[in-house]
Structure formats: C-alpha cells, structure tokens
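>>> starting from these lines, generate the structure:
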Amino acid sequence: MATGDASDELEQLRAELVAVRERAETAATDLAAAQEKALIADAEVAKVRAINADLLARNAYLELMNEKMRRDKFGASSERSRRLLDQLELTFEELEANASEAELLGQIAATKTTAVTAFTRTRTTRRDFPADLPREKVVIPAPEACPCCGSDDLSHLPADITETLERVPARHKVVQTVREKVSCRQCEKISQPPAPFHVTPRGMFGPHFLANLAFQKYGLHQPLNSQRDRLEREGIPLSLSTLADQIGAVCVAVKPLFLLLEAHGLAADRLHADDTTVPLLAKLKTEVARIWDYVRDDRPFGGPAPPVALCYYSRNRKGEHPRAHLATYSGILQVDKFAGFNDLFREGRGEKPMTRANCWAHGRREFFKLVDIRQQMKRTKGAAPLISPLAGEALERIDRLFAIERDINGKPAADRLAVRREFSAPIVAELEIWMRETRANLSRHDAVTKAINYFLNDWEGFTTFLADGRICLTNNAAERELRAVARGRKAWLFVGSDRGGERAAMMFSLFGTARLNDVDPLAWFSDVLARIADIPQSRLHELLPWNWKAAQQQKLDAELAA
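Next up, the predicted model:
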C-alpha cells in the first residue's frame, strides 16, 4: 500500500512538474510576445518622433527661406532687424539636429524588430567639395578571389568613390633657426649670415601663429584670454601679457598696409558711411564709443576698382569725427540722416562740397513698421494690430523703385542712369505728389506723417540717385560691414582703451576688405605677416588683398599648367 501511495505521489509530482513547465513555456512565450510588442511600440514611437522632427525642421527651413526671399524682394536689410533672421537660423539649426538625431534613434529601434520600417529623411543633393582642396586617396583593395566560388579569374570594374571632408588638427611646432659662424684663420675675423627678418621684435612667434592670433581676436571676436586658455589646454603656457604684446607689435607692422587701403578708399568717387556703438571701459562706468566705417564698392555700377572697407574709432558720436575722416574727400557720400554728417555737405567746405545720397532703406523702414504685423502684435500685446493702409500704399510705391534697382544692379553707370530717367523718375515724381497731398490731410502727430517727413525734410538727398548712375538706392553696403562688429560685441563686451579701439578699427578694416574681395582673411594675413618685414616699400601694394588674390590665382594656373 505504501508502494502504491509513493507511485501515485510520484506521478502527481511529475504531472505538477509538467504543468509548471507548460506554464513557464507559456509565460516565456507571453514574455517574448510582450517584448516584441514593446519593441514594435518603441519603434513606432521612434518613427513618429522622427517624422515629426523632420516636419518641424522642414517648416523651420521653409520659414527661413521665406524670410530671406522677403528680404531680397523688398530690399531693406533691417526692416525686422537682422536679429529675426539670425533667430530663424538658430531655430532651424536646432530643429535640423533634432531631426537627424530622431532619425538615427528610429533606425536603431527599427533594427530590433521586422514589423516596423525605419523612417528615412529626404535630403537635398549634396554639393561637391571644392576642387582645389587637397585629396588623400585611401584605397580598399578588392578581393583576390571570388568570395562565392573561389575563382581568381577576376576583372576590375570602375570603383565607387566616396568623398568625406576631414580636418587635419592644428599642430604647433618650434622652428629653430641656426646661424652658423666661421672664423678666418688668416685675418681672424668671424663671419655669420644675418638674422632673418621677423614680424615682431625678438622673433618669438612665427607669422602663421601671429596671423591666427590676430584673426581669432578681430576676425572671429575671440578675446585673448580665451585664446590663452585654449593654448594652455594644448600644452603651450603663454601669459596674457605676452599675447597682448604680440598683438600690439602686429598692428604696428601692418599699419603701412592700412594706409594703402585708406588711400585707395578715399580716392573713390562714391563712399558709403555709417557707424555703430562699441562699449568703452572707463572709470566707474562703461561709455558708449563708436566705430565708423566708409565702404568703397563700385561693383553695383560695374566699376573695376576693388572694394575697400575703412573703419575708424572715436570716443563719441560728434560730427567732428566724420569731418576729420573725410577731410580730403569731395565725392558722393551715401549716408543715413544722422545730423553729424550735415556739415560735410555745406557750401564752402573745401574746394567742392560732397554730394549727399540718402538711404531709401531707412526711409522705407519707417513705413514698414506701420504694416509689420509682428511688431504691431508686440506693441498691442496680442490685441488686433492696427495696419495703416496709407503706409502700405507708400511701401508699394517704394518697392517699385527697388524692383527697378535689382534689374540694373551691376550694369554700367550710364545704363543705370538711362533706366532711372525712363522708369524711376516718374515713380519718384508721383511719390512726392502723393506724400505731400497725404501729409496735408493728416495730423502732424500721425505716424504716417512722421514717416513722410523723414523723406520730405530732405527730398533732394533722396532724389540725387536720379541724376547719377553711380549712386545706390540704399546704404546697405556700409551697414553690412558693421554687422560683424555688432555680432562681436557679445564676445569681447568692450574695448579697454582708446588705443585698443583704434587697433580694432584698423584690423576690422583689413579683414573686412579681404572678405569684400572674396579672399580668405586668415590665409591672406598669414602670407602678409610672412612677407611684410622683408618686402620693399615700393612693392607693398602687392600685399593688398586684390593683388594677392590675383598672384595666388596666377600661381595656381601655373601649377595646373605644369
């Protein structure tokens, strides 16, 4: 009986064990199914996130392109201020990075299941890298035998080539210049070759190092203390005073080059002029100093002279400063309506007074503010904006002038003048009549009246472009050059002294002129510092950006021909 009971108990245990195994297998199956469902759900969520991120990036891109096209169409460079466009670019940058990250995360999630297809973003065709960049060829050899059948009877087909842009890390090195000495056994005199010319006294730093130091400070607005910290992290401890000493020496070395740029710029028939603020560190407070710029750019009327940007520093905004800068100039001056320029156009100043050409973009902006919905919404704090139909009509009339100017940009001055007399002059005459009639029917305190007065108070200055094909409709050329200064203010905060402001203005001139001539400022300035100590004064003009660019092109053509 005991044996039977044991057998029954054993069978019962076996049955329970089988049941446990079945439940375990069922649980494992359910767990696997749940895991698969979770993976599918994760993949679906990642796919949706990737699609949404892509749509946000596309919308940001379209909004950015729309704003750029509006600015190109309507002409004025600051009608919503440059900050709006910068903000749109920053937003697009973030959303584009988010979309790429979401796409990759979605692909990783999709590889864990076969039920979900990964989302792949549609990208524009990649542009080829410039042909003049050096190429390093990495060849991955083909197999010597067929991986399928093992045969070595193979024929080579055209290879697939993939180009990847890579950066070679900057390396610092110490150049030892060894000047050997000999002694004459006959006369016992010692002979030694002369020391090479150096950019700065004592020759502690090479031209490429100094050029990078100056370009980082004045071209990319990276203060010297930040550069010092970066060099320390690279294992090169240098004091701030040493770097500042070299900047001062570099500015002295390139001053003759700036004087050549100045002579070329002030010899122009037409100049653009503008100014911007720069904080000046002073006792107990920060004062508001100024950077003035004068741009020679003859390209809008087909002039052959290379463009130049001249910058000057002053401690305040008094009119005596532009008078001193342009003491010998008597051509056309394109400006805004800053009163400090007024004395330059009075009768009796010099042999010939300057011709004033006011900026239509500034005047147009006053009307645009009255129809800009975004600005109106901000002012009214969400209430319904008040859009002026009179301002809209003025914009439509002025924009017809800008449309004509876009068609004649770059053409010879005579052709531009002929088109203006035929098409622009009637529009300007109608605009003047409309402005005077409209002003007569409005209160003097009306915003449209103030915008109209901006034009009519100096109508002659606004209409000089109808008598000279060289004059541009706007002063945007000068404003574009000062944009770099405005961006840099957030990095360097203030200039430390008047001398520092003067150095900064000179270096802004050099690097700004290089950019205007489509020259790489760092490459050009490196070569300038390498050669300027050894070049005769009579050949200093060879280092001007446009002459340097032509020489580099001739050298490249010769190398290609060889």
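>>> and the helices in the stretch 351-500 of the chain?
Here the stretch 351-500 of the chain has its helices, by DSSP state H, counting those that start in this stretch, at 360-368, 373-380, 389-408, 413-419, 425-440, 447-456, 459-463, 476-492, 498-516.
>>> lowest-confidence stretch among the ones you listed?
Mean pLDDT values for the helices of the stretch 351-500 of the chain show the minimum at helix 373-380, a mean of 62.
>>> out of the helices of the stretch 351-500 of the chain, flag the one nearest residue 344.
helix 459-463 (11.9 Å; Cβ to Cβ). Yep, even glycine has a C-beta here, placed from its N, CA and C like the rest.
>>> contacts for that closest one, please.
337, 356, 357, 358, 360, 363, 428, 432, 455 (Cβ atoms under 8 Å, 6 or more residues apart in numbering).
>>> do stretch 295-310 as well
With Cβ under 8 Å, 6+ apart, stretch 295-310 has contacts from 261-262, 264-266, 268-273, 293-294, 325, 409-413, 416, 469-470, 472, 477-478, 481, 508-509, 512-513, 516-517, 544-546.
>>> whichever of these end up buried, select them in PyMOL.
In PyMOL, a selection of the buried entries from the contacts of stretch 295-310 looks like this (16 or more other Cβ atoms under 10 Å):
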select buried, resi 261+262+264+265+266+268+269+270+271+272+273+293+294+325+411+413+416+469+470+472+477+478+481+508+509+512+513+516+517+544+545+546
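>>> now go through the contacts of stretch 295-310 and say which are in strands.
270, 271, 272, 273, 293, 294 (DSSP state E).
>>> show me the two of these that sit farthest apart.
Most distant of the ones in strands among the contacts of stretch 295-310, by Cβ to Cβ, are 270 and 293, 14.6 Å apart.
>>> ok and the host helix or strand of residue 30 relative to helix 360-368, angle-wise?
Using DSSP states H and E, residue 30 sits in helix 2-74. Compare the direction of helix 2-74 with that of helix 360-368 by axes from the mean of the first three to the mean of the last three Cα atoms, to 10 degrees and you get 120 degrees.
>>> which strands and helices sit next to helix 2-74?
Other elements packing on helix 2-74 under the criterion 3 or more Cβ pairs under 8 Å, 6 or more residues apart in numbering; DSSP states H and E are helix 82-110, helix 389-408.
>>> list of residues touching the shortest one?
This points to helix 389-408. 73-75, 360, 363-364, 367-368, 370-371, 415-416, 419-420, 423-424, 427-428, 430-431, 434-435, 438, 442, 447-448, 451-452, 472-473.
>>> and that helix, how far out from the chain's middle?
With Cα atoms, centre = their mean, to the nearest Å as the basis, helix 389-408 stands 28 Å off its chain's centre.
>>> can you give me the buried ones in that helix?
In helix 389-408, counting by 16+ other Cβ under 10 Å, buried: 390, 391, 394, 395, 397, 398, 400, 401, 402, 404, 405, 408.
>>> let me have the helices of the stretch 351-500 of the chain in JSON lines, extended by distance to residue 562.
JSON lines is the format used below for the helices of the stretch 351-500 of the chain (distance: least, Cβ to Cβ, whole Å):
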{"stretch": "helix 360-368", "distance to residue 562": "49"}
{"stretch": "helix 373-380", "distance to residue 562": "58"}
{"stretch": "helix 389-408", "distance to residue 562": "43"}
{"stretch": "helix 413-419", "distance to residue 562": "41"}
{"stretch": "helix 425-440", "distance to residue 562": "56"}
{"stretch": "helix 447-456", "distance to residue 562": "60"}
{"stretch": "helix 459-463", "distance to residue 562": "56"}
{"stretch": "helix 476-492", "distance to residue 562": "39"}
{"stretch": "helix 498-516", "distance to residue 562": "28"}
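>>> re earlier: drop anything exposed from the contacts of helix 389-408.
74-75, 360, 363-364, 367-368, 370-371, 416, 419-420, 424, 427-428, 431, 435, 438, 447-448, 451-452, 472-473.
>>> what's the end-to-end length of stretch 236-243?
Start-to-end span of stretch 236-243 (Cα to Cα, to the nearest Å) is 12 Å.
>>> doesn't residue 477 make contact with residue 359?
No: counting by Cβ atoms under 8 Å, residue 359 does not reach residue 477; the two are 10.2 Å apart.
>>> okay, and the common contacts of the two?
residue 334.
>>> if we compare the helices and strands packed on helix 2-74, which one ends up closest to residue 13?
Closest to residue 13 of the helices and strands packed on helix 2-74 is helix 82-110 (Cβ to Cβ; 45.0 Å).
>>> pLDDT of the helix or strand following the closest one, averaged?
Following helix 82-110 in sequence order, the next helix or strand is strand 182-183 (DSSP H and E). Average pLDDT, strand 182-183: 89.
>>> for the most centrally placed residue in the chain, give me its contacts.
Residue closest to the mean C-alpha point of the chain, counted by Cα atoms, centre = their mean, is residue 484 at 7.8 Å. Residue 484 is in contact with 221, 508, 512, counting by Cβ under 8 Å, 6+ apart.
>>> tell me how far it lies from residue 43.
47 Å (Cβ to Cβ, to the nearest Å).
>>> next one: residue 447
Residue 447 is 57 Å from residue 43, by Cβ to Cβ.
>>> including distance to residue 63, could the contacts of helix 459-463 go into TSV?
Formatted as TSV, the contacts of helix 459-463 follow (distance: Cβ to Cβ, whole Å):
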residue	distance to residue 63
337	33
356	38
357	34
358	33
360	27
363	28
428	34
432	37
455	32
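>>> what's the closest of those to residue 65?
residue 360 (25.2 Å).
>>> ok, now which ones touch the closest one?
75, 398, 401, 402, 462, 473, 474 are the contacts of residue 360 under Cβ under 8 Å, 6+ apart.
>>> again, 7 Å this time
398, 401, 462, 473, 474 (Cβ atoms under 7 Å, 6 or more residues apart in numbering).
>>> repeat for residue 491
Here residue 491 is in contact with 221, 222, 223 (Cβ under 7 Å, 6+ apart).
>>> could you look up the SS state of the first one?
Read it as residue 221. coil (DSSP: H, G, I helix; E, B strand; the rest coil).
>>> distance check, it against residue 451.
35 Å.
>>> what's the answer for residue 154, then?
Taking Cβ to Cβ, one finds residue 154 at 78 Å from residue 451.
>>> with residue 417 instead?
Counting by Cβ to Cβ, the gap from residue 417 to residue 451 is 28 Å.
>>> please write out the alpha-carbon positions of stretch 272-283 in CSV.
Coordinates of each C-alpha in stretch 272-283 appear next as CSV, following Å, rounded to 0.1, in the frame of the first residue of the first chain:
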residue,chain,number,x,y,z
HIS,A,272,29.1,104.6,-48.1
ALA,A,273,29.3,105.8,-44.5
ASP,A,274,27.8,104.5,-41.2
ASP,A,275,28.6,104.0,-37.6
THR,A,276,27.8,101.6,-34.7
THR,A,277,28.3,101.6,-30.9
VAL,A,278,31.2,99.9,-29.1
PRO,A,279,31.3,99.9,-25.3
LEU,A,280,34.4,101.5,-23.9
LEU,A,281,35.7,100.5,-20.4
ALA,A,282,36.0,103.7,-18.4
LYS,A,283,36.3,104.7,-14.8
